[in-house]
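Asker: could you look at this predicted model? Sequence included:
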Amino acid sequence: MTTHTLPAPPAALGATPHAPHAPHAPPALRPSIGAGVWRVADPKITLASVASMIVGATAAAHDGPVAWGWLALTVLGIFAVEAAKNASGEIFDWDSGADQGVTDEERSPFSGGKRVIVDGLLTRRQTALVAAGFYVIAIAAGLAIVLLREPAVLWLGMAGVGLAFFYHAPPFQLAYRGFGELAVALSYGPIIAAGTYLVQRHDVSAGVLWASLPLGLAVGAFLWINEFPDARADAAAGKRTLVVRLGRPRAAWAFAVLCAVAFAAVAALPATGLPPAVWLGGLGLPHAVAAAGRVVRFPDTPRELIPAQAWTLLAFVLMAVGLGAGLVLDATLG
């Protein structure tokens with residue numbers, strides 16, 4: 001497995017020097033902590049967390065009453081982990097040069113990093129403080145649940161925070177070593193869904209785990225397609241994602257296979273004991289098919305992939321909504 005050593009950070013932690021390997025330096029925006037925090041929170045990307053919580057919460061509602069206050073605290077903790085991961089990832093992608101290497105032509109609303117340091121919204125030091133703040137919120141919410149509601153959440157919480165931080169951070173640098181896709185599939189599939197369910201039911205059912213698997217694959221496909229525009233810059237920075245390792249043409253076909261497997265898994269869910277109503281999770285299939293077709297046609301043209309990125313996002317959101325609706329419908333009619 002290829003290893004990657006991060007270059008030393010700037011001497012002044014708050015400095016944002018021009019990267020020597022950047023293709024050009026875009027004009028910096030006016031510094032704004034509020035705008036920077038909003039960008040690392042990134043409502044588009046938090047939809048992955050929302051999707052997994054929908055599956056976990058509706059599975060819990062299928063099996064019993066919902067404790068809404070504890071659900072709200074769960075949502076807060078998971079959103080905080082998401083924002084913390086984005087902020088800490090900005091630091092390590094800045095240090096490696098991955099974010100600076102993305103050209104304007106390769107940027108999209110879904111890829112290229114949050115670029116809060118590159119665009120001058122936050123300094124490196126401020127980004128580190130934002131990351132630390134969100135991690136503190138996430139850990140505080142998790143400990144409250146562990147101490148006052150469900151102790152077993154501790155292990156899932158530790159796994160979630162660990163995957164979030166070490167997605168970019170050494171020594172594991174999962175995203176840099178070709179394990180980021182697996183980490184995302186696990187986090188936004190079984191870990192968040194099972195954690196949400198566990199807070200409600202004090203146990204984890206086989207049903208919620210089965211339902212979370214196709215969603216994890218679908219969210220993993222969203223990460224996969226978002227790696228295409230960044231592939232050149234990632235390769236130059238030593239960030240060996242699976243798209244970089246496979247090359248974009250082969251990775252495009254792998255993306256199509258991943259989408260097919262995700263929705264085939266939805267079709268197979270009733271065989272695991274879940275109600276046939278979960279077939280509503282197939283609502284996102286047309287968007288996945290459209291995205292796969294476009295990626296196969298334009299694997300090397302980042303601008304052409306923007307609609308496919310949006311369709312892939314819609315595919316996993318509609319899958320989650322459909323799965324959740326099917327579980328609620330079965331509980332209501334059953």
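Answerer: Structure's in. What do you need? Residues are numbered from 1 along each chain as shown.
Asker: give me the number of residues near Gly282?
Answerer: Around Gly282 sit 19 other residues, with neighbours defined as other Cβ atoms under 10 Å. Placement of C-beta: from N, CA and C, glycine included.
Asker: how far away is it from Val204?
Answerer: Using Cβ to Cβ, to the nearest Å, Gly282 is found at 25 Å from Val204.
Asker: repeat for Leu305
Answerer: With the distance defined as Cβ to Cβ, Leu305 ends up 37 Å from Val204.
Asker: cool, Ala268 as well?
Answerer: Per Cβ to Cβ, Ala268 is found 20 Å from Val204.
Asker: which one of these two is surrounded by more residues?
Answerer: More crowded of Ala268 and Val204, by other Cβ under 10 Å: Val204, with 18 against 13.
Asker: mind checking which helix or strand the more buried one is in?
Answerer: Element membership of Val204, judged by DSSP states H and E, is empty: it is in no helix or strand.
Asker: need the nearest residue in space to it, chain neighbours excluded.
Answerer: For Val204, ignoring the flanking residues on the chain, the nearest one in space by Cβ to Cβ, 6 or more residues apart in numbering is Ala194 at 4.8 Å.
Asker: same thing with Met319?
Answerer: Residue nearest to Met319 in three dimensions, not counting chain neighbours: Gly284, with 4.3 Å by Cβ to Cβ, 6+ apart.
Asker: follow-up on the earlier one: spit out the contact partners of the residue nearest to Val204.
Answerer: Neighbouring residues of Ala194 by Cβ atoms under 8 Å, 6 or more residues apart in numbering: Gly56, Leu156, Val204, Val208, Leu209, Ser212.
Asker: likewise Arg201?
Answerer: Ala60, Asp63, Gly64.
Asker: gap between stretch 212-222 and the chain center?
Answerer: On the basis of Cα atoms, centre = their mean, to the nearest Å, the separation between the geometric centre of stretch 212-222 and that of its chain is 10 Å.
Asker: measure Val40 to Arg115 for me?
Answerer: Going from Val40 to Arg115 by Cβ to Cβ gives 10 Å.
Asker: and for Ala131?
Answerer: Ala131 sits 15 Å away from Arg115, going by Cβ to Cβ.
Asker: buried stuff in stretch 109-122?
Answerer: 110-122 (16 or more other Cβ atoms under 10 Å).
Asker: closest to Val50 among those residues?
Answerer: Distances from Val50 to those, taken as Cβ to Cβ, are shortest for Phe110 (15.7 Å).
Asker: which non-adjacent residue is nearest that closest one?
Answerer: The nearest residue in space to Phe110 (Cβ to Cβ, 6+ apart) is Gln309, at 4.2 Å.
Asker: got a list of what that neighbour touches?
Answerer: Ser108, Pro109, Phe110, Ser111, Phe222, Ile225, Asn226, Ala291.
Asker: quick check: the farthest pair among these?
Answerer: Distances among these were taken as Cβ to Cβ; the most separated pair is Pro109 and Ala291, at 14.8 Å.
Asker: Glu106 contacts Glu227, doesn't it?
Answerer: No. Between Glu106 and Glu227 there is no contact under Cβ atoms under 8 Å: 11.4 Å.
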